[in-house]
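Q: Give the three-dimensional model of this entry:
(chains A and B)
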Protein chains: 2
Amino acid sequence: MISVLLIGKGNVGSHLYKAFLNADGIAVTQISSRKLEVIPQADVTIIAVSDDAIAEISSKIKNDFVVHTSGSVSMNDLKNDSKKGVFYMLQTFSKDKKVDFSEVPFCLEAENINDYKTLEIVAKSIGKKTYPISSEQRNTLHVAAVFVNNFTNHLYKIGNDICKENNVPFEILQSLIKETASKIETLSPEKAQTGPAIRNDEKTIKNHLNLLDKNQQKIYKIFTKSIQNGN
Amino acid sequence: MISVLLIGKGNVGSHLYKAFLNADGIAVTQISSRKLEVIPQADVTIIAVSDDAIAEISSKIKNDFVVHTSGSVSMNDLKNDSKKGVFYMLQTFSKDKKVDFSEVPFCLEAENINDYKTLEIVAKSIGKKTYPISSEQRNTLHVAAVFVNNFTNHLYKIGNDICKENNVPFEILQSLIKETASKIETLSPEKAQTGPAIRNDEKTIKNHLNLLDKNQQKIYKIFTKSIQNGN
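A: Residues are numbered from 1 along each chain as shown, chains lettered A, B, ... in the order given. Modelled structure (predicted):
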C-alpha cells in the first residue's frame, strides 16, 4: 500500500483525488493548500497548485518525497529538503468533465530510479501510459502543447467566426476537425498536409484572402508561407 | 429507384461508388472522366474530378441533372445546358482509409426545390447529415476548413518538430490533440481557450520564445497577440 497526500483542491487535485479513491493499493488523503498547519505523513506528497505557489508550499513540507504536477516548473524549483519529483499529466482538465485517465500520458521525473518506480506504480494505479520525462523535456512538451492545443483552438475560433459572419453552421466542420486530429495517429503531420498552400494553388489562395479580415489574412499568409517553405 | 452516374475514378469518385453500391434505392454506374465518348443516361450525374476540369467535362454532358463535388467551384461554373447542382462532402478523403459516410456533412445546392430533394435522397441513401448550402456559403466553408484542417495540421507538424528536436515522443501529445478537437463539441472555441496567451502569463511566454526557432517564434507571437486581442 502506498500512501498519497494530495495538496490542492483545484481542477487537477480534485480529479486526482476521485481517481485515487478508486485505485487499488493507494491510500489517499487530500488537504487544501491554504491549511498547511498540520501536514499528514505520506509516502508520496503531490502538490497540485498554481505554478507560482509551488516553491513556497514545498518549502513547508517535511515529508519524505514531494512532487508537483506542473508542466512548466522545474523539479529543482521544489524547496523541500527531502526527495523531489514531478508527476505531470499532459491533458486539459475541465471542472465538470470526467477525465479518462487511461488516455492521459503521465510524464514522470524523480532523482533516483526507486522514486521513479514509486511514481510509476502510483500513476499506473489510475492510468496506463507513463513516460520518463526530464524537466528540460517537459519544457519542450509544454511549448509543443501550446501549438497543438492553445493555437489550434484559436484556429477553431477563427473558423467559427468565419462561419458566423456568413450564416453557416460551424457544426458542419466538426467532423473534419475530428478527422484532422485522428489522421495523425497513423500518418505523420508532414504527410497528412493537404490544401491550397501545399498544392501551390494561387487562384484559391487569392480567392480565400478576399474573404478574410485583416488579422485573418495575416494568419492565412504566414501559414501559407510556412507550409510552402516546409517549416 | 434513382439512377446515379459517377464521372471520375479518383478518391472521391471511388469512395462514393463503393457506398452507392450498397445503398438502397440507388442504381449506380461509374465511368472515367477520360472516356466521355458514350455517356450513360442517369437521373443524377455526379462529376467528381479536379476543380479545373469541371467546366470542360460538364460541357460535354447532355444528361438531365448534373452536379459537381467541389468545395470551391461555383454551381454556375457547370457548363451543361440542363439543370445544375452541387453535391459537396466536407471531409478529407484518403485513398486507403474507409470513409464513415454517416459522419460526413453533405452540403447540397440545386436550382429548384425538387432537384434539391433528389440530392437529399441520394445523400441520405449513404449518409445522415445534409445541409442546404449556397455557392457563396460553400466558399466560406472552404476557407474556414483551411483554418481548422490545413493550418491545424501545420501546427501539429510544428509540435512534432519541437518534440523531435528534443527527443520527446510526439505520441505523448496525441491524447491532448484529440481532447482539443472534441472539447468544442460542447464548448464554443472562445470559451475553450486556455494557455499562457489568454492568461497573459508573460514569464511563460518569454520562456517559450527562447525554445523556438525564428519561424516558430513568428507564429507564436502572432497567435499570442491574436488571442489576447480577442480576434
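
Q: Contacts only, for A:K124.
A: By C-beta atoms under 8 Å, 6 or more residues apart in numbering or on different chains, the contact list for A:K124 reads A:T130. In this view, the C-beta of every residue, glycine as well, is placed from N, C-alpha and C.

Q: show me where chain A has strands.
A: Remark: strands assigned in chain A by DSSP state E are A:2-7, A:26-31, A:44-47, A:65-68, A:83-89, A:105-110, A:129-132.

Q: Averaged pLDDT, the second one. What do you get?
A: Which is strand A:26-31. Here strand A:26-31 scores 97 as its mean pLDDT.

Q: what's next to that strand, contact-wise?
A: So strand A:26-31 is in contact with A:1-7, A:9, A:13, A:17, A:20-21, A:39-40, A:42, A:122, A:125-126, going by C-beta under 8 Å, 6+ apart.

Q: Next: the last one.
A: Counting contacts by C-beta under 8 Å, 6+ apart, the residues outside strand A:129-132 that touch it are A:103-109, A:116, A:119-120, A:123-124, B:169, B:172.

Q: ditto for the fourth one
A: Strand A:65-68 is contacted by residues A:43-49, A:54, A:58, A:77-78, A:80, A:82-87, A:110, A:115, A:118-119 when judged by C-beta under 8 Å, 6+ apart.

Q: One more: the first one?
A: With C-beta under 8 Å, 6+ apart as the contact definition, strand A:2-7 has outside contacts at A:13, A:16-17, A:20, A:25-33, A:36, A:39-49, A:57, A:61, A:63, A:118, A:121-122, A:125.

Q: Narrow those to just the buried residues.
A: By neighbour count, with 16 or more other C-beta atoms under 10 Å in any protein chain shown, the contacts of strand A:2-7 hold A:13, A:16-17, A:20, A:26, A:28-31, A:33, A:39, A:42-49, A:57, A:61, A:63, A:118, A:122, A:125 as buried.

Q: Could you export the contacts of strand A:129-132 as TSV, including distance to A:S188?
A: Listed next are the contacts of strand A:129-132 as TSV, based on distance: C-beta to C-beta, whole Å:
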residue	distance to A:S188
A:E103	21
A:V104	23
A:P105	19
A:F106	25
A:C107	22
A:L108	26
A:E109	28
A:Y116	30
A:L119	31
A:E120	29
A:A123	28
A:K124	29
B:P169	13
B:I172	15
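
Q: Of these, which is the nearest to A:K191?
A: B:P169 (17.8 Å; C-beta to C-beta).

Q: confidence score at the residue nearest to A:L36 when sequence neighbours are not counted?
A: Once flanking residues are discounted, A:L36 sits nearest to A:K60: 5.3 Å by C-beta to C-beta, 6 or more residues apart in numbering or on different chains. Per-residue confidence at A:K60 stands at 96 (pLDDT).

Q: got the domain boundaries for chain A?
A: By the assignment in automatic domain parsing, chain A contains the domains A:2-133, A:138-228.

Q: which residues in chain A form helices?
A: Secondary structure of chain A (DSSP state H): helices at A:11-21, A:54-59, A:113-126, A:135-145, A:152-165, A:174-183, A:189-192, A:196-199, A:202-210, A:214-228.

Q: So which bits of the fourth one are buried?
A: The neighbour-count criterion (16+ other C-beta under 10 Å) identifies A:137-145 as the buried residues of helix A:135-145.

Q: The residue nearest to A:N229 when sequence neighbours are not counted: neighbour count?
A: Distances taken as C-beta to C-beta, 6+ apart place B:N215 nearest to A:N229, at 7.4 Å, with adjacent residues excluded. Using other C-beta atoms under 10 Å in any protein chain shown, B:N215 has 15 other residues around it.

Q: A:S50 too?
A: Residues near A:S50, counting by other C-beta under 10 Å, number 12.

Q: try the one 5 residues further on
A: Neighbours of A:A55 under the rule other C-beta under 10 Å: 15.

Q: which non-adjacent residue is nearest it?
A: Per C-beta to C-beta, 6+ apart, closest to A:A55 is A:K79, 5.1 Å.

Q: where's the one you found relative to A:E56, distance?
A: For A:K79, the distance to A:E56 (C-beta to C-beta, to the nearest Å) stands at 8 Å.

Q: can you check A:S33 too?
A: Relative to A:E56, A:S33 is positioned 10 Å away (C-beta to C-beta).

Q: now swap in A:E179 and tell me
A: 45 Å.

Q: Then A:G10?
A: Distance from A:G10 to A:E56, counting by C-beta to C-beta: 16 Å.

Q: Those two: who's more crowded?
A: A side-by-side neighbour count of A:G10 and A:E56, using other C-beta under 10 Å, places A:G10 first with 15 against 12.

Q: Chain neighbours aside, what residue packs nearest to A:Q193?
A: Leaving aside its chain neighbours, A:Q193 sits nearest to B:N153 (5.6 Å; criterion: C-beta to C-beta, 6+ apart).

Q: And A:N11, by the same measure?
A: The spatially closest residue to A:N11, leaving aside those adjacent along the chain, is A:F93, at 4.3 Å (C-beta to C-beta, 6+ apart).

Q: Return the per-residue confidence for that neighbour.
A: Listed pLDDT for A:F93 reads 78.

Q: from memory it sits against A:K18, does it?
A: No: A:F93 is beyond contact range of A:K18, at 11.5 Å (criterion: C-beta atoms under 8 Å).

Q: what separates the residue of chain A positioned farthest from its centre from chain B, distance-wise?
A: Note on chain A: the largest C-alpha distance from the chain mean falls to A:K203, namely 38.8 Å (C-alpha atoms, centre = their mean). Distance, A:K203 to chain B, by C-beta to the nearest C-beta, to the nearest Å: 9 Å.

Q: residues in contact with A:L108?
A: Neighbouring residues of A:L108 by C-beta under 8 Å, 6+ apart: A:85-88, A:116, A:119-120, A:123, A:130-133.

Q: Surely A:G25 and A:D43 touch.
A: No: the pair A:G25 / A:D43 is not scored as a contact, 11.1 Å apart, by C-beta under 8 Å.

Q: Columns distance to A:G71 and pLDDT on top of the contacts of strand A:129-132, output as a markdown table?
A: Listed next are those as a markdown table, based on distance: C-beta to C-beta, whole Å; pLDDT from 0 to 100:
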| residue | distance to A:G71 | pLDDT |
| --- | --- | --- |
| A:E103 | 17 | 92 |
| A:V104 | 13 | 95 |
| A:P105 | 11 | 96 |
| A:F106 | 12 | 97 |
| A:C107 | 8 | 97 |
| A:L108 | 13 | 98 |
| A:E109 | 12 | 98 |
| A:Y116 | 18 | 98 |
| A:L119 | 16 | 98 |
| A:E120 | 19 | 98 |
| A:A123 | 15 | 98 |
| A:K124 | 20 | 98 |
| B:P169 | 16 | 95 |
| B:I172 | 11 | 96 |
